[in-house]
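K.L.:
Just need the structure, nothing else, for what follows:
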Amino acid sequence: MAKSEQYEIQGRAVDLPAVVRDASTGSVMYMVDRVGTQELIPDAFEAVEAAPGQTQLTLVIVDYRDNDLGDYDEVGIVFFVRPAGRPDADVGTYIYKLPVNQSFTCEAGCRIWGFPKSVEDIDFAYADDRATCRLIMDGRHVLTLTVPRGGDGETPDESAVGYTLIDGIPHSNVFTRGGRGEQTIPGGAGVVLELGDHPIAEELRSLGLPDAVPLLSAWSEHMTGSFGASTKL
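P.N.:
Got it, this is the predicted structure:
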């Protein structure tokens, strides 16, 4: 499919860049085995070695409230990669799994960007100082993640690179992210990760979760951002 600035998804037009006007999001970053990670990602990409024999994995939870793709929840399992054989290329994100709980954003994400979205059961629960997200796939518990909530920081929109496969072909895309009501906490204080019995939970266990101590957790009460068109590498 030729790239354009507009797509039709389920009878609705999606213009690019797709804009996120308001969302709450939490993330937790871990150091995990690079060899094990490479077994999970496509051969088109190489896991970036952040320390000897290790790479970074980030679990992301997002509660989208005002977004061109709808009002929905999302969970991401994210690695940092470069295109294979391109040591000079920008480090970018590769999303291994990206379950959502609405069909429109699922189809749009898959078709436009090659995001590995699927429609699953996702539940958010909020307390004053924390947010908890539970993911169920195929009727089986994948994970429940609790992250500290709060902060008064603010981040201007900044650009980053993401890598995906579209019809098996490597692509890159540029996205932006900013926010307010933000905090970053070094270490694992306040983070609780419970893994279930789904095969994806077993893959995370193979990388050392949930026992690995997080490098950090982050929270944004009001995230903003945008997702531009994908470009063939």
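K.L.:
hey, let's count contacts and neighbours off CA atoms from now on
P.N.:
Fine.
K.L.:
Quick check: what element follows the longest helix anywhere in the chain along the chain?
P.N.:
Using DSSP state H to define each element, the chain has its longest helix at helix 199-206. Using DSSP states H and E, the next helix or strand after helix 199-206 towards the C-terminus is strand 216-232.
K.L.:
any idea how far that next one is from the chain center?
P.N.:
9 Å (C-alpha atoms, centre = their mean, to the nearest Å).
K.L.:
Give me the nearest residue to residue 188, chain neighbours excluded.
P.N.:
Ranked by C-alpha to C-alpha, 6 or more residues apart in numbering and with sequence neighbours excluded, the top spatial neighbour of residue 188 is residue 214, at 4.9 Å.
K.L.:
What ranges in this protein fall below the confidence cut-off?
P.N.:
In the predicted model of the chain, residues 1-4 satisfy pLDDT under 70.
K.L.:
Can you pull up the most central residue in it?
P.N.:
Geometric centre of the chain, nearest residue: residue 76, 3.5 Å, by C-alpha atoms, centre = their mean.
K.L.:
Show me what that one bridges to in the sheet.
P.N.:
For residue 76, the beta-bridge partners are residue 60 (DSSP bridges).
K.L.:
can you pull the contacts of it?
P.N.:
58, 59, 60, 61, 95, 96, 97, 98, 99 (C-alpha atoms under 8 Å, 6 or more residues apart in numbering).
K.L.:
Apply 6 Å and report the result again.
P.N.:
Contact analysis of residue 76 by C-alpha atoms under 6 Å, 6 or more residues apart in numbering lists 59, 60, 97, 98.
K.L.:
and the angle from the stretch of helix or strand the third one belongs to to helix 199-206?
P.N.:
Yep, that's residue 97 we're talking about. Secondary structure from DSSP H and E places residue 97 in strand 92-100. Inter-element angle recorded for strand 92-100 and helix 199-206: 140 degrees (by axes from the mean of the first three to the mean of the last three C-alpha atoms, to 10 degrees).
K.L.:
count of neighbours near the spatially closest residue to residue 184 that is not a sequence neighbour?
P.N.:
Spatial nearest neighbour of residue 184, chain neighbours left out: residue 218 (4.3 Å); criterion: C-alpha to C-alpha, 6+ apart. Number of residues near residue 218 (other C-alpha atoms under 10 Å) recorded here: 20.
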